[in-house]
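>>> no sequence on this one, just coordinates:
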């Protein structure tokens, strides 16, 4: 496989030092550097330039640094590539390598389900063609260029996950990745604090559809009206869903049929006669799998091949998982949370057949003006999910819980630290426990504690 080399990088960045054609391996974190890596000095909470001398002495093959950086050791200086702006140099190098790629690039974004969908799409193509994809959820202004610079020239399909923290982010990433296909998994109330409103979210996520509108293909979940609206300017659209399309949908449509869930909320459905049986619980996983099937089929992958691959796929750590620990079943979904994903998690809980259902929920962060109403609505969904006991953690849930009207028993705690000692008394044998929160609430500690108590 043909990957970029350090020599190629130096030439692209117009470096004054010469380098061998060593395979390019980029490292942003000095603590994770291995000999032969190229260290990219970026400014974040710490300035990467502080660590350049140390990483070069530790065996880094080169370092990309700002033009003003100074070092006295001539031998170490010979390993430097000087640029005006290290972040801009990263995106510039990725853009140049992208121009060399002849395969198709699929851009993927959305308020929920990005990483799981990306994993299923990758699985659907694996074995049918040479495919590469974003590792984990590294989908920002660093992750997208790194994904491209790790993509061999022989790659036939690249799946590029794109995240956004503010308006314009998706457009910025599109200009680097240059996708011909674009999928927006969902447009929902997430990071409202950054985007200002749900319209701001739609505008930002819709930047992917706008990028592919004239010459590419938009993949649209037709059960999401905001996604339909955001894709209206697209010349070519392919829709997918578990419901029949409305009369005004005139484009290609891939229908997921006979959707049902087993006793552990794992989906089964059919696409073009091919049967999919997922190992991951919940409707969001089914939506992600259907999106993957849609893209694969539109690329000529046999439905039976894609269905088998998707059924066997194990999405990235952080997706919802079901674990049996002793007699207690834990649905761990503490990677991220917003109103849409929280409702989906409670729906997944409702689909499970079993004894007492417990919801341990942590605050949803970055919701701005809708914080109170969003948390109040989640508490209002507890009865529909059949929750007997809800353990609510964080100031946002605590604020709304006192006025909540629900049949579920409520326990509120300001923080994880205060909730941990009570778990042994609250959770009983054979309980089914959902753990869900924004990542900043650190509810993965709850899962670890439950595993410790009931293993």
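Perfect, I can see it now. Computed from a predicted structure; not experimentally measured.

>>> which other helices and strands contact the helix or strand bottoming out on mean pLDDT in the chain?
Taking mean pLDDT, DSSP states H and E as the measure, the helices and strands of the chain show their lowest mean at helix 192-195, namely a mean of 80. With contacts taken as 3 or more CB pairs under 8 Å, 6 or more residues apart in numbering; DSSP states H and E, helix 192-195 sits against helix 198-212. All C-beta spots, glycine's among them, are computed from the backbone N, C-alpha and C.

>>> can you list contacts of the helix it packs on?
With CB atoms under 8 Å, 6 or more residues apart in numbering as the test, helix 198-212 has contacts from 107-111, 162, 164, 166-171, 174, 179-184, 187-192, 195, 218, 226, 229-231, 233-234.

>>> show me how far it is from its chain's centre.
Distance of helix 198-212 from the chain centroid (CA atoms, centre = their mean, to the nearest Å) equals 17 Å.

>>> so what's the gap between stretch 341-360 and the chain middle?
Using CA atoms, centre = their mean, the distance between the centre of stretch 341-360 and that of its chain works out at 22 Å.

>>> which parts of it are buried?
By neighbour count on 16 or more other CB atoms under 10 Å, the buried set for stretch 341-360 is 341-352, 357-360.

>>> how long is that stretch end to end?
End-to-end distance for stretch 341-360: 14 Å, by CA to CA, to the nearest Å.

>>> what's the closest non-adjacent residue to residue 236?
residue 217 (4.8 Å; CB to CB, 6 or more residues apart in numbering).

>>> pLDDT score for that neighbour?
pLDDT for residue 217: 98.

>>> report the beta-bridge partner residues of it.
Note on residue 217: beta-bridge partners by DSSP bridges are residue 181.

>>> start the count at 51 instead of 1 going forward.
Shifting the count to begin at 51 puts that one at residue 267.

>>> neighbours of it, how many?
22 (other CB atoms under 10 Å).

>>> any idea which residue sits dead centre in this structure?
residue 165 (3.2 Å; CA atoms, centre = their mean).

>>> who touches the least confident helix or strand of the chain?
215-217, 248, 250-251, 253-254, 416-420.

>>> and the helices in the stretch 51-200 of the chain?
Using DSSP state H, counting those that start in this stretch, the helices of the stretch 51-200 of the chain run over 56-62, 102-107, 124-127, 136-150, 164-175, 193-199.

>>> again, but for the stretch 301-450 of the chain
Along the stretch 301-450 of the chain, the stretches classed as helices by DSSP H, counting those that start in this stretch are 333-348, 353-362, 389-401, 421-430, 445-451.

>>> which residues are contacting the shortest one?
In other words, helix 445-451. With CB under 8 Å, 6+ apart as the criterion, helix 445-451 contacts 411-414, 421-422, 425-426, 428-429, 442, 460, 462-464.

>>> can you give me the buried ones in that helix?
For helix 445-451, burial by neighbour count (16+ other CB under 10 Å) applies to 446-451.

>>> again with the second one
Using 16+ other CB under 10 Å as the burial criterion, the residues of helix 353-362 that qualify are 353, 355-361.

>>> for residue 224, see how far away residue 363 is.
For residue 363, the distance to residue 224 equals 26 Å [CB to CB, to the nearest Å].

>>> ok, back up a step: among the contacts of helix 248-262, which are in strands?
157-159, 231-234, 268 (DSSP state E).

>>> is it true that residue 454 touches residue 460?
Yes - the criterion here is CB atoms under 8 Å, and residue 454 meets it with residue 460 at 6.7 Å.

>>> what touches both of the two?
Contacts common to residue 454 and residue 460, judged by CB under 8 Å, 6+ apart, are residue 429.

>>> touching, the residue nearest to the centre of the chain and residue 365? I think so.
Yes - using CB under 8 Å as the test, residue 165 is close enough to residue 365 to be in contact (6.9 Å).

>>> A helix includes residue 483, no?
No - looking at residue 483 with DSSP: H, G, I helix; E, B strand; the rest coil, it is strand, so not inside a helix.

>>> how close does the nearest residue to it once chain neighbours are set aside get to residue 133?
Using CB to CB, 6+ apart and skipping residues adjacent in sequence, the residue nearest residue 483 is residue 408, 4.5 Å away. Going from residue 408 to residue 133 by CB to CB gives 53 Å.

>>> right, I'll call it a day here.
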